[in-house]
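**Student:** I need the structure of the sequence given here:
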Amino acid sequence: MARESFDKEIQFLRMLVLTSGAYSRQQFAQRLGISVHTFDKTIRRLKDIVNTVYQQLPQEQGKEFAETLRFSYYESADPMLLFLYRAKSLKESESHRLSLLLAAMQDEARTVMELLDACCSDLPAELSLPDEKTIRSDLKYLEEVGVIVKEPGGRPYRYRVHDRLVKELTYEELLDLYDYVDIMANTQVPSVQGYLLRDSVKKALQQTGNAENVTGEPFLYKYHYYSRILDEAHLFTLLGAIRQRRKVRFLYFSPRTRKSYASKNTNPLFERETEGKEVVMLPLKVIYDHQYGRWYLLGSESRQGIVKFRLEGLTQLNEDEVVPEETFNEKLHLLEEKTRYSWLIDTGRPLTVRVRFFSPEAPQPNFVKERVLLQGQWGHITEEDEVSFIYEIKVHGTTEIKPWLRSFGSSCEVLAPEHLRRELIEEWKEIAAYYESV
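**Tutor:** The predicted structure follows:
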């Protein structure tokens, strides 16, 4: 599966879950910026992925496509959109070739020529046969991602599957490892690699002959942010670009636009303008907003300076040129200065927010103060009495801190700045109007 179609399917799945089937085929295709024919092809492709992922299950336990993507609050303990990551984001020939290579190295270490013979003898007739250079490239890729390991010794080098750790653990140790990975994958970010590791450990448990003891999950989680997992498709590419001080190029769709994807037009007769924005920028930081489950990319652009993008709007991501270390450090220092007092990623004008928090009546514990001290970042309490306390914090703009202040309800009164106080007064008046008697 090509990189472009992977972008398309990420946006496709996000919209399918968020709209819960409310769009028709025509509306769905229009919102994505694709044709109805491409919509139907994508549906068929996703059906193939689901069948591939769940083909090892008995027929009565297999998941139909509609069931897999149906949004059900109480039945989605496992992130349903993760199956896209389990699918092979490779060409069909690469999928077959890598599967054959791993199968050949499963029982014993093999040389490159032995693996070439094994691959050529078992590859389907309709696919082209690989050469030695292709096999070496595949082995280098598998070694980089940690799937295989090179045996010590001289030439010819021998390669084996890197699974000795799992094989040397007892059943009880594997069970403890599975429970630990399950907890961490569901509570930490990023999560995708943790979920994949959890599935691998679960398969290892089933191979021990104790499959009936693995079916019951000791911990059940309700996953709230499906978009967060989909956005991790770009996360590691961006982190790699930051480490290498490399610019990136992508097509960006703002959350305000009516489209979230546009297909590549290779035929000049059918070229059309897209609503996306072509961006070339130097990535500097990736930040996760735990409150809304969103990933943000912060970096520097030649014309606009410091720029911010939501990862959910990135498509057709590619790496570009490397910049000198001095340039990278200069841009990073500028970003840190502009976000020194950011509640999250705001780069507005620095100002001091002054708030009065009202304490609950005794003998209740002062949960308001406990929450302010826990979540208030670098702010501090300047005055305090039995009834209330004054909290001050310096921030870049008020956009990001306002939802936090608003969440305290009547326990919070903004004293300064004046414009923030007026904004909250108008918002509470609007809310009060909703509850007026009819």
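
**Student:** neighbours of the residue nearest to Gly293 when sequence neighbours are not counted, how many?
**Tutor:** Closest residue in space to Gly293, ignoring its immediate chain neighbours: Tyr225 at 2.8 Å, by CB to CB, 6 or more residues apart in numbering. Bear in mind the C-beta positions are built from the backbone N, C-alpha and C, glycine included. Using other CB atoms under 10 Å, Tyr225 is surrounded by 16 other residues.

**Student:** and Glu430, by the same measure?
**Tutor:** The number of residues packed near Glu430 is 9, by other CB under 10 Å.

**Student:** now for it, which secondary structure element holds it?
**Tutor:** Here Glu430, judged by DSSP states H and E, is contained in helix 418-434.

**Student:** show me what that helix is packed up against.
**Tutor:** Under the contact definition 3 or more CB pairs under 8 Å, 6 or more residues apart in numbering; DSSP states H and E, helix 418-434 sits against helix 402-406, strand 412-416.

**Student:** as TSV, these with mean neighbour count and mean pLDDT would be great.
**Tutor:** Listed next are the helices and strands packed on helix 418-434 as TSV, based on neighbours: other CB atoms under 10 Å; pLDDT from 0 to 100:
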stretch	mean neighbour count	mean pLDDT
helix 402-406	15	94
strand 412-416	17	95
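
**Student:** mind putting those into JSON lines with distance to Phe12?
**Tutor:** What follows is the helices and strands packed on helix 418-434, written out as JSON lines (distance: least, CB to CB, whole Å):
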{"stretch": "helix 402-406", "distance to Phe12": "30"}
{"stretch": "strand 412-416", "distance to Phe12": "41"}
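
**Student:** how about residues contacting the host helix or strand of Leu101?
**Tutor:** Assigned by DSSP H and E, Leu101 belongs to helix 92-104. Helix 92-104 is touched from outside by 88, 90, 110, 114-115, 118-119, 122-124, 127-128, 130, 134-135, 138-139, 142, 147-148, 161, with contacts defined as CB atoms under 8 Å, 6 or more residues apart in numbering.

**Student:** and for stretch 329-337?
**Tutor:** Contacting residues not belonging to stretch 329-337 are listed as Leu282, Leu284, Lys285, Leu298, Gly299, Ser300, Gly305, Ile306 [CB under 8 Å, 6+ apart].

**Student:** nearest to Tyr435, of the residues you listed?
**Tutor:** For the contacts of stretch 329-337, the residue nearest Tyr435 by CB to CB is Leu298; the value is 39.8 Å.

**Student:** what secondary structure does the residue nearest to the closest one when sequence neighbours are not counted sit in?
**Tutor:** Among residues not flanking Leu298 along the chain, Lys285 sits closest, at 4.5 Å (CB to CB, 6+ apart). In three-state terms, and counting by DSSP: H, G, I helix; E, B strand; the rest coil, Lys285 is strand.

**Student:** ok, Pro147 touching His162?
**Tutor:** Residue 147: Val, not Pro. Yes. Counting by CB atoms under 8 Å, Val147 sits close enough to His162 to count as a contact (6.1 Å).

**Student:** can you report how many residues neighbour the residue nearest to Leu298?
**Tutor:** By other CB under 10 Å, the residues close to Lys285 number 17.

**Student:** gap between it and Leu251?
**Tutor:** Distance of Lys285 to Leu251, computed by CB to CB, to the nearest Å: 21 Å.

**Student:** check the offset of the strand or helix carrying Thr134 from the chain's centre.
**Tutor:** For Thr134, the element it lies in under DSSP H and E is helix 132-144. Put simply, helix 132-144 sits 27 Å off its chain's centre (CA atoms, centre = their mean, to the nearest Å).
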